[in-house]
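Visitor: model the structure of this input:
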Amino acid sequence: MLEHKLRTVIRDIPDFPTPGVVFKDITPVLKDASLCLEIVDDLVEKLEGIEIDVIAGVESRGFLFGLMLATRLGIPFVPIRKQGRLPYKTISESYKLEYGQATIEVHEDAIETGAKVLVHDDLLATGGTVVASAKLIEKLGGVVVGFSFIISLDFLKGEGRLTRFSDNIISLVRY
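Guide: Next up is the predicted model:
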């Protein structure tokens, strides 16, 4: 079972990036090409029946499997990046962090009006970044049709913040 495999490969890093946080490190997953393909296969299977025109990947680990998923589905991939990292004209959305604020951006021509967009990131924690991503997509006239994650930290209740955009929320392993 994929969830069991992921639990054995994902590495816990205590006190990173700050004391008291246990970071879920997916880099060991990336060393196993067949496991990466299995992840994409599982996401494709779980997304069956959802019409998707575009995958939007959240910086930076959302790019890894987001692009693989978009390629497998034969649809465009759009990067959502931290402020100042995209070369063309952008729109932005700011959101609160535990200690301050962050801003993400997307190219202003990245998503066509009415496009059905799946937001992908490696991990769902509090949901702040993906909520901001969904707001960016809506500003461009896109429709968020779902969210996909490798990992969900359910105890942080981020999923509850996403349902106003879509009830299609997929996580391959939950903690």
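Visitor: what's near enough to touch the residue nearest to Lys89 when sequence neighbours are not counted?
Guide: Spatial nearest neighbour of Lys89, excluding adjacent residues (CB to CB, 6 or more residues apart in numbering): Glu108 at 4.7 Å. Heads up, the C-betas are built off the backbone N, CA and C, glycines and all. By CB atoms under 8 Å, 6 or more residues apart in numbering, the contact set of Glu108 is 88-91, 140.
Visitor: centre-most residue in the protein?
Guide: Asp121 (1.7 Å; CA atoms, centre = their mean).
Visitor: could you look up the SS state of the residue lying farthest from the centre of the chain?
Guide: The C-alpha centroid of the chain is most remote from Pro19, which lies 24.6 Å away (CA atoms, centre = their mean). Counting by DSSP: H, G, I helix; E, B strand; the rest coil, the backbone at Pro19 sits in coil.
Visitor: just use 38 as the starting number from now, easier for me
Guide: Understood, numbering begins at 38; the last thing we discussed is Pro56.
Visitor: and it, what pLDDT?
Guide: At Pro56, the predicted lDDT confidence score is 94.
Visitor: in this protein, which spans are helices?
Guide: Ranges of helices in the chain, per DSSP state H, are 39-46, 64-67, 70-83, 98-110, 165-176, 196-199.
Visitor: I'd like the distance between the residue farthest from the centre of the chain and Leu134.
Guide: Note on Pro56: its distance to Leu134, by CB to CB, to the nearest Å, is 16 Å.
Visitor: equivalent analysis for Phe102, please.
Guide: Going from Phe102 to Leu134 by CB to CB gives 24 Å.
Visitor: in contact with Ala139, which residues?
Guide: Counting by CB under 8 Å, 6+ apart, Ala139 has contacts 119-120, 131-132, 165-166, 169.
Visitor: same deal with Leu209?
Guide: Per CB under 8 Å, 6+ apart, neighbours of Leu209: 39-40, 43, 76, 79-80, 186-188.
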